[in-house]
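Undergrad: For reference, the sequence and a predicted model appear below.
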Amino acid sequence: MKNLQNLLKIILPICLLLIGCSKEKLLDDQSSDDQLLKQKSVSSKAVVASNLKPIGSGVMMQAFYWDVPAGGNWWNTLEGKVQDWSNAGIDAIWLPPASKAQNGAFSMGYDPFDYFDFGQYNQMGSVETRFGSENELKTLITSAHNAQLSVIADIVINHNSGGQSEINPVNGQSNWTKFTPLSGKFTRDYNDFHPNHNHGSDSGIFGGFPDLCHHQVRVQNELWKNTESVAKYYKNVMGFDGWRFDYVKGFEPWVVKDWKNEVGGFSVGEYWDGNAGTLDWWTGQAEVSAFDFACYYKMRDAFNGNNLNELNGDMLWKRNPMRAVTFVTNHDTDEIYNGKTLAYAYIMTHEGYPTIFYRDYEEWLNKERLNNLIWIHNNLAGGSTNVLYVDDNEYIAKRNGNNNLGLVVYINNADTWQERWIETNWSNTVIKDYTGHSGWEPTTQSGRWVKIQVPPKSYSVWAPK
């Protein structure tokens, strides 16, 4: 018995050592497999990212409007459209604010509560957002990527809503600044909002909502700097590719610049101002694009005011076309009610990155005509712009071409056919109207002059046949 005990003393440690080594090897093998899976996942994601159309090579789709149908089905609705949009020449879709807001299933997302709840937590009166569940959003993003479309997130980081009341010791007042979201991420209190101990001023307030203080280092960390910040979660977990910043007048341009430098991705700010110089200043400070409100207001005055001379006015795309995102309408504005299709003909043939509005494309305007303009933008509208003629009713401009032949666009706001002689960039060349509106194929003279025409309340776009 004693000998057996001695033998066990010798054998048992050896067995334990062998078992330990086997377990360690198993863990090492598992670690290697996990690492391999991670590498495959990263590689797979990189392949998807590299497969996307370059943002700005086509047209952006604003894939929502104010008060889209409630009921949690919007992500599914969009998922069924992304391939057709890609086929038409869209390169990116801009989604509404996707995380849970104070009004839960009824909110359009612009009153954010929990930045990490995309429809998976039961709070603010619902599990899903107005648009659907987290899984449905991920399915939409995956389908968009498979269709080579980038996905732009609408980011609201000026104001929050849905917090509980607490006393702010700075001003002794009760404010709705106590946020304890069920995600457990980016909890907030009065220190994170204006006024706080360090910064009592702010660039702009919005409707009396609690106003995030971007000077607070903790707010910067939680929004974009930390490994699990809002920005990095949107990008790395949810799969968003770029950003539309809401109400950027509410914070300084360096906030957008820092965010973009930290996480990358296409970025455009909503700086609501019709002054092209102001927009140019902001894009220079933030080092990102801006919606060209100057262009929007000039088009409104041109088409609703029946004076196309307004199109000669100052616009962001004329100052810095690489920073201008042009649009005819969006979820906040719909003032161009006369000549809206003519306005699309303008932005699709001129410099800047044009946006098309969901309801214009899917409901209100002629989709075939819009698809034709998207094709013209993607295939013909390159190079610098020269205005050839303009008066109250007529506007003619020439794109000089880069890797394409360029084009001439003729917009007519009159009630009768119009025609004019113009000087093109093409000598002894047969040209045609790529809209099909005129049905005429003239030949330019040796001096590059040619007569073109346009139907009433319409447009024509000319290029070599």
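TA: All right, it came through fine.

Undergrad: and the nearest residue to residue 235 once chain neighbours are set aside, how many neighbours does it have?
TA: Once flanking residues are discounted, residue 235 sits nearest to residue 263: 5.5 Å by Cβ to Cβ, 6 or more residues apart in numbering. C-betas here are computed from N, CA, C, even on glycine. For residue 263, the neighbour count with other Cβ atoms under 10 Å is 20.

Undergrad: Touching, residue 263 and residue 240? I think so.
TA: No. Residue 263 lies out of contact with residue 240 (Cβ atoms under 8 Å); the separation is 9.6 Å.

Undergrad: Residue 439 falls within a helix, correct?
TA: No. Going by DSSP: H, G, I helix; E, B strand; the rest coil, the assignment for residue 439 is coil, not a helix.

Undergrad: Contact partners for it?
TA: By Cβ atoms under 8 Å, 6 or more residues apart in numbering, residue 439 lies in contact with residue 433.

Undergrad: Got phi/psi on it?
TA: phi 70, psi 30 (degrees, to the nearest 10).

Undergrad: now residue 295
TA: phi -60, psi -40.

Undergrad: That one contacts residue 316, correct?
TA: Yes. Using Cβ under 8 Å, residue 295 makes contact with residue 316 at a distance of 6.5 Å.

Undergrad: Please settle this for me: is residue 311 part of a strand?
TA: No. Under three-state DSSP, residue 311 sits outside any strand and is assigned helix.

Undergrad: Helix, strand, or coil at residue 306?
TA: Applying three-state DSSP: residue 306 is coil.

Undergrad: Helices of the stretch 1-150 of the chain, start to end?
TA: Assigned by DSSP state H, counting those that start in this stretch, the stretch 1-150 of the chain shows helices spanning 2-50, 74-79, 82-88, 134-146.

Undergrad: low-scoring stretches of this protein, by residue?
TA: 1-50, 196-208 (pLDDT under 70).

Undergrad: repeat that with 90
TA: Where the chain drops to pLDDT under 90, the residues are 1-50, 168-175, 194-210, 334, 336-338, 402-405, 439-440, 446-447.

Undergrad: intersection of neighbour lists for residue 295 and residue 316?
TA: Shared contacts of residue 295 and residue 316, counting by Cβ under 8 Å, 6+ apart, come down to 324, 352.

Undergrad: quick check, residue 342 in a helix?
TA: Yes. According to three-state DSSP, residue 342 belongs to a helix.

Undergrad: surely it meets residue 410?
TA: No. Using Cβ under 8 Å, residue 342 is not in contact with residue 410; the gap is 10.8 Å.

Undergrad: more crowded one of the two?
TA: With neighbours defined as other Cβ under 10 Å, residue 342 and residue 410 compare such that residue 410 has more, 29 against 21.

Undergrad: Quick check: which element contains the more buried one?
TA: For residue 410, the element it lies in under DSSP states H and E is strand 407-412.

Undergrad: Also residue 421?
TA: strand 418-423.

Undergrad: returning to what we had before: touching both of residue 342 and residue 410, which residues are there?
TA: Contacts common to residue 342 and residue 410, judged by Cβ under 8 Å, 6+ apart, are residue 459.

Undergrad: Identify the residues contacting residue 352.
TA: Residue 352 neighbours (Cβ under 8 Å, 6+ apart): 292, 295, 316, 317, 321, 324, 325, 326.

Undergrad: Let me know the closest of those residues to residue 415.
TA: residue 295 (25.5 Å; Cβ to Cβ).

Undergrad: which residues sit in contact with the closest one?
TA: Counted by Cβ under 8 Å, 6+ apart, residue 295 has contacts 315, 316, 317, 324, 326, 347, 352.

Undergrad: picking up where we left off before, after the strand holding residue 421, which helix or strand is next?
TA: Next element after strand 418-423 (DSSP H and E): strand 431-433.

Undergrad: Checking my notes, residue 267 in a helix, right?
TA: No. Per three-state DSSP, residue 267 lies outside any helix segment and is strand.

Undergrad: Tell me what it is bridged to.
TA: residue 243 (DSSP bridges).

Undergrad: tally of neighbours for it?
TA: 22.

Undergrad: what's the answer for residue 393, then?
TA: 18.

Undergrad: and the residue nearest to it when sequence neighbours are not counted, what element?
TA: Counting by Cβ to Cβ, 6+ apart, residue 393 lies nearest to residue 414, which is 3.9 Å off, once chain neighbours are set aside. If you go by DSSP H and E, residue 414 is not part of any helix or strand.

Undergrad: Would you list the strands that the strand holding residue 421 pairs with, along with their directions?
TA: strand 449-454 (antiparallel).

Undergrad: can you pull the buried residues of the strand it pairs with?
TA: Neighbour-count burial for strand 449-454, counted by 16 or more other Cβ atoms under 10 Å, picks out 450, 452, 453, 454.

Undergrad: now swap in stretch 235-243 and tell me
TA: 235, 238, 239, 240, 241, 242, 243.

Undergrad: Now tell me what touches it from outside.
TA: Counting by Cβ under 8 Å, 6+ apart, residues outside stretch 235-243 touching it are 49, 52, 55, 92, 98, 118, 137-138, 141-142, 145, 150-153, 155, 231, 234, 259-260, 263-268.

Undergrad: cool, stretch 309-326 as well?
TA: So stretch 309-326 is contacted by 60, 268, 276-277, 279-280, 283-284, 288-296, 298-299, 301-302, 346-347, 350-355, 385, 387, 390-392, 395 (Cβ under 8 Å, 6+ apart).

Undergrad: okay but residue 252 is in contact with residue 258, surely?
TA: No. With contact defined as Cβ under 8 Å, residue 252 does not reach residue 258; the gap is 9.9 Å.

Undergrad: Residue 298 - nearest residue in space that isn't next to it in sequence?
TA: Nearest one to residue 298, counting by Cβ to Cβ, 6+ apart, is residue 313 at 4.5 Å.

Undergrad: That neighbour and residue 61, how far apart?
TA: Counting by Cβ to Cβ, to the nearest Å, the separation of residue 313 from residue 61 is 27 Å.

Undergrad: How about the secondary structure of the closest residue to residue 327 other than its chain neighbours?
TA: Leaving aside its sequence neighbours, residue 327 sits nearest to residue 355 (Cβ to Cβ, 6+ apart; 4.2 Å). Under three-state DSSP, residue 355 falls in the strand class.

Undergrad: Identify the bridge partners of residue 355.
TA: residue 60, residue 327.

Undergrad: Next, count neighbours for it.
TA: 22.
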